[in-house]
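In: the following block contains a protein sequence and its predicted model.
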Amino acid sequence: MHAIGIIPARFASTRLPGKPLVDLGGQSMIQRVIGQAQQSGLSRVVVATDDERILEHVLSIGGEAVLTSPNHPSGTDRVWDAYQQLDVQADCVINIQGDEPFIHPAQIDALIQLFTLAQPPQLATLVKPVLTDEELFSPHLPKVVLDTTGHALYFSRHPLPFQRQQPQPAWREHHRYLRHIGLYAYRPDVLAEITQLPPSPLELAESLEQLRWLEHGYRILTAETELETIGIDTPEDVERALRYLAQQS
């Protein structure tokens, strides 16, 4: 199994400029992401960035990075750009979010394992049980519903399914809801295809890129994780991550 991990990392961020280079307890955020990814079963870990500062930083800490176009509309497009530059053949390509400094190697390995199946998936991603009403009703935490084979039927920022016969405070008692964790794995030929697709109506309505793939007929297999991660989007998230690191020391 030859699995390549690619970490898209942009310098520009509305809420936290220079996010990949933010210091988290003596290591940059992107350095922590790389370190976690390298503990998994990936054959290679590469940062895909549009900024020379990030490129030079990753190279200075002994990492591997490539410079991609600054005009990519999504991380998936940046991953495809980087993969083409590497000029290698992989069984799967895994898109690891550059703002997840505490991503668990086991979460990456769960996706790699799906590509060892007799019929590897076209696309794969992670899901996690919803544990609180705050998670369930947060539009910032997309939910997902699955078919009986573990493939995604739909992703939404709204809780799905809507339980017509139950009051909202009781919804979690009557259904096992799942959150989407934004770690993606692609078969390389499928990655090439989906980056050529135009934005779809469902994607534009929900601002969820994966709906474009579903709307065009691709299938997304899921693996379930119980592990939690801490995404970094704001200065407040940085403070939360620093508190987490202090608790671990």
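Out: It's in.
In: in the chain, which spans are strands?
Out: For the chain, applying DSSP state E gives strands covering 3-9, 23-24, 27-28, 44-49, 64-67, 92-95, 123-129, 143-146, 152-156, 178-186, 220-224.
In: state the mean pLDDT of the first one.
Out: Strand 3-9 shows an average pLDDT of 97 in the prediction.
In: equivalent analysis for the last one, please.
Out: Within the predicted structure, the mean pLDDT of strand 220-224 is 98.
In: hmm, who's touching it?
Out: For strand 220-224, contacts defined as C-beta atoms under 8 Å, 6 or more residues apart in numbering pick out 110-111, 113-114, 121-129, 144, 146, 149-152, 178, 210, 213-214. The C-beta positions use only the backbone N, C-alpha and C, and glycine is treated the same way.
In: can you select the buried ones among those residues for me in PyMOL?
Out: A single PyMOL command selects the buried members of those (16 or more other C-beta atoms under 10 Å):
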select buried, resi 110+111+114+121+122+123+124+125+126+127+128+144+146+151+152+178+210+213+214
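In: returning to that earlier point: and among the strands of the chain, the most buried is which?
Out: strand 3-9 (a mean of 27; mean count of other C-beta atoms under 10 Å).
In: who are the packing partners of that strand?
Out: On a contact count with 3 or more C-beta pairs under 8 Å, 6 or more residues apart in numbering; DSSP states H and E, strand 3-9 meets helix 29-38, strand 44-49, helix 75-86, strand 92-95.
In: still on that earlier bit, okay, the strands of the chain in a markdown table with distance to residue 197 next?
Out: Formatted as a markdown table, the strands of the chain follow (distance: least, C-beta to C-beta, whole Å):
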| stretch | distance to residue 197 |
| --- | --- |
| strand 3-9 | 18 |
| strand 23-24 | 35 |
| strand 27-28 | 33 |
| strand 44-49 | 19 |
| strand 64-67 | 23 |
| strand 92-95 | 16 |
| strand 123-129 | 12 |
| strand 143-146 | 20 |
| strand 152-156 | 16 |
| strand 178-186 | 13 |
| strand 220-224 | 14 |
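In: ok, which of the helices and strands packed on strand 3-9 comes nearest residue 59?
Out: Using C-beta to C-beta as the measure, strand 44-49 is the one of the helices and strands packed on strand 3-9 that comes nearest residue 59, at 9.2 Å.
In: with just CA atoms, put that closest one into PDB.
Out: C-alpha atoms of strand 44-49 as PDB (Å, rounded to 0.1, in the frame of the first residue of the first chain):
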ATOM      1  CA  ARG A  44       5.300  10.100   2.300                       C
ATOM      2  CA  VAL A  45       4.000  13.400   3.800                       C
ATOM      3  CA  VAL A  46       4.200  16.600   1.700                       C
ATOM      4  CA  VAL A  47       3.000  20.100   2.400                       C
ATOM      5  CA  ALA A  48       1.200  21.900  -0.500                       C
ATOM      6  CA  THR A  49       1.400  25.700   0.000                       C
END
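In: distance from it to the middle of the chain?
Out: Taking C-alpha atoms, centre = their mean, to the nearest Å, one finds the center of strand 44-49 at 14 Å from the center of the full chain.
In: got a list of contacts for that strand?
Out: Looking at what lies outside strand 44-49 - C-beta under 8 Å, 6+ apart - the contacts are 4-11, 20, 30, 34, 37-38, 54-55, 58, 63-68, 78-79, 81-82, 86, 88, 96, 98.
In: mind redoing it with 6 Å?
Out: 4-9, 34, 37-38, 55, 58, 64-66, 68, 78, 82 (C-beta atoms under 6 Å, 6 or more residues apart in numbering).
In: could you do stretch 87-105 as well?
Out: Residues beyond stretch 87-105 that count as contacts (C-beta under 6 Å, 6+ apart) turn out to be 1-5, 7-9, 19-20, 24, 29-30, 32-33, 36-37, 39-40, 75, 79, 83, 111, 115, 182, 184-186, 188, 191, 227, 229-232.
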